[in-house]
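Enquirer: Predicted model and sequence follow; I will ask about them next.
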Amino acid sequence: AWLSARAQGGKIIMRVEDLDSPRVKPGVTEKMLDDLEWLGFDWDEGPRAGRPAESDKHYIQTQRRDYYLQIFEQLRQKDLLYPCVCTRGDIAAAQSAPHEDEHELRYPGLCRGRFASAAEALERSGRAPVWRLKVAPGEICFDDLLFGRQCADVFKQVGDFIIAKAPDNPAYQLAVGADDIAMGVTEVVRGDDLVPSTARQILLYQLLGHAPPRHGHVPLVIGPDGKRLAKRHGESKVAVFRQKGIPARHLIGVLARWSGLDCPGDASPCELVPLWSWQKVSRERIVITPERLREIELAK
């Protein structure tokens, strides 16, 4: 995302998506920003962007609940939402970005039209309801910057998906889409595990009367088991490489070569900008193996 924006002379926004409170540990945001700065990345808007500290809250999702409530009300006034009490599992799942290795069942609309209000849903079921978006049948298509034309029928694949746990407590799809609109985001670059989310977010942009940004999904770095990196895959965090004394320039150079860029040696992110091209980016996922980890540690 950083290279793509810098190559096009664009503005980079650092947004802290910390709504998944059970998984967000104290101090994680500061460590993340420290690692990015150590690697040589910078940004034009967001925490540590040289603006007054009080402006940071505009880029931290847990401090933007009033704004999400406004977007929620816009959708509710258009009769696009309804309360749902079907399962507790859906409530937990709504707080995180869905990934391809997490099974997601299609919701058949059992609560659509069932309750006149959230209060009625609570009284009749004894459960605090979540809120779902009414989804209409039909394909939503977009041109991915790396993988080309992508189409999905959200109604057939997932049905009426969860948009909020409560009016001021949005699910991933609502928070990300609303923030993109508010911040004027024109290009989103993220992992290919989030391709299924894109059609849902484009649907939200359309319902809110905004044109969606361009999207580019890049292959993930994964473990030998084919799953996203996690503790089970060993010490592959940036902070660990820092502690081992691996120079940032070496790590950046290795990652650039894995990604398909013509980087002959160590480099900083700024030095890679002239080499950037979507045509060069690998379409294959990168598997972390002992050999690849040794390639990183050769600089010790």
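Expert: Looks like it arrived, so ask away.
Enquirer: ok, the closest residue to R149 other than its chain neighbours to P212 distance?
Expert: Leaving aside its chain neighbours, R149 sits nearest to D143 (5.7 Å; criterion: C-beta to C-beta, 6 or more residues apart in numbering). (Each C-beta comes from the backbone N, C-alpha and C, glycine too.) Taking C-beta to C-beta, to the nearest Å as the measure, D143 falls 11 Å from P212.
Enquirer: Neighbour count for the two, which is higher?
Expert: Neighbours of D143 and P212, each counted by other C-beta atoms under 10 Å, are more numerous for P212; the result is 21 against 11.
Enquirer: and the gap between the more buried one and T186?
Expert: P212 is 10 Å from T186, by C-beta to C-beta.
Enquirer: swap in F161?
Expert: The spacing between F161 and T186, counted by C-beta to C-beta, is 25 Å.
Enquirer: who's more crowded, the two?
Expert: Between F161 and T186, F161 has the larger neighbour count (other C-beta under 10 Å), namely 25 against 14.
Enquirer: so that one touches V130, yeah?
Expert: No - applying C-beta atoms under 8 Å, one finds F161 not in contact with V130, separated by 10.2 Å.
Enquirer: what touches both of the two?
Expert: Shared contacts of F161 and V130, defined by C-beta atoms under 8 Å, 6 or more residues apart in numbering, comprise A171.
Enquirer: For stretch 239-252, buried residues please.
Expert: Neighbour-count burial for stretch 239-252 flags F241, R242, I246, A248, R249, H250, L251, I252 (criterion: 16 or more other C-beta atoms under 10 Å).
Enquirer: Also stretch 7-19?
Expert: I12, I13, M14, R15, V16, E17, L19.
Enquirer: Can you lay out those residues as CSV showing distance to L39, pLDDT and secondary structure?
Expert: Shown next, in CSV, are the buried residues of stretch 7-19 (distance: C-beta to C-beta, whole Å; pLDDT from 0 to 100; DSSP: H, G, I helix; E, B strand; the rest coil):
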residue, distance to L39, pLDDT, secondary structure
I12, 14, 94, coil
I13, 18, 93, strand
M14, 13, 93, coil
R15, 18, 93, coil
V16, 17, 91, strand
E17, 19, 90, coil
L19, 25, 88, coil
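Enquirer: residue contacts, V16?
Expert: V16 touches T29, G46, P47, Y59, I60, Q61, counting by C-beta under 8 Å, 6+ apart.
Enquirer: Can you lay out these as a markdown table showing pLDDT and neighbour count?
Expert: Below are the contacts of V16 laid out as a markdown table (pLDDT from 0 to 100; neighbours: other C-beta atoms under 10 Å):
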| residue | pLDDT | neighbour count |
| --- | --- | --- |
| T29 | 88 | 17 |
| G46 | 92 | 19 |
| P47 | 90 | 20 |
| Y59 | 91 | 21 |
| I60 | 91 | 17 |
| Q61 | 93 | 21 |
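Enquirer: Could you single out the nearest of those to A116?
Expert: Nearest to A116 among the contacts of V16 is Q61, at 30.6 Å by C-beta to C-beta.
Enquirer: For the closest one, list the residues it contacts.
Expert: Here Q61 is in contact with R15, V16, E17, D18, L19, A175, D179 (C-beta under 8 Å, 6+ apart).
Enquirer: Distance check, the residue nearest to the first one when sequence neighbours are not counted against F155.
Expert: This means R15. Using C-beta to C-beta, 6+ apart and skipping residues adjacent in sequence, the residue nearest R15 is Y59, 5.1 Å away. As judged by C-beta to C-beta, Y59 and F155 stand 33 Å apart.
Enquirer: the strands in the stretch 101-250 of the chain, which residues?
Expert: Here the stretch 101-250 of the chain has its strands, by DSSP state E, counting those that start in this stretch, at 130-133, 140-144, 148-152, 162-166, 169-170, 187-191, 214-218, 221-222.
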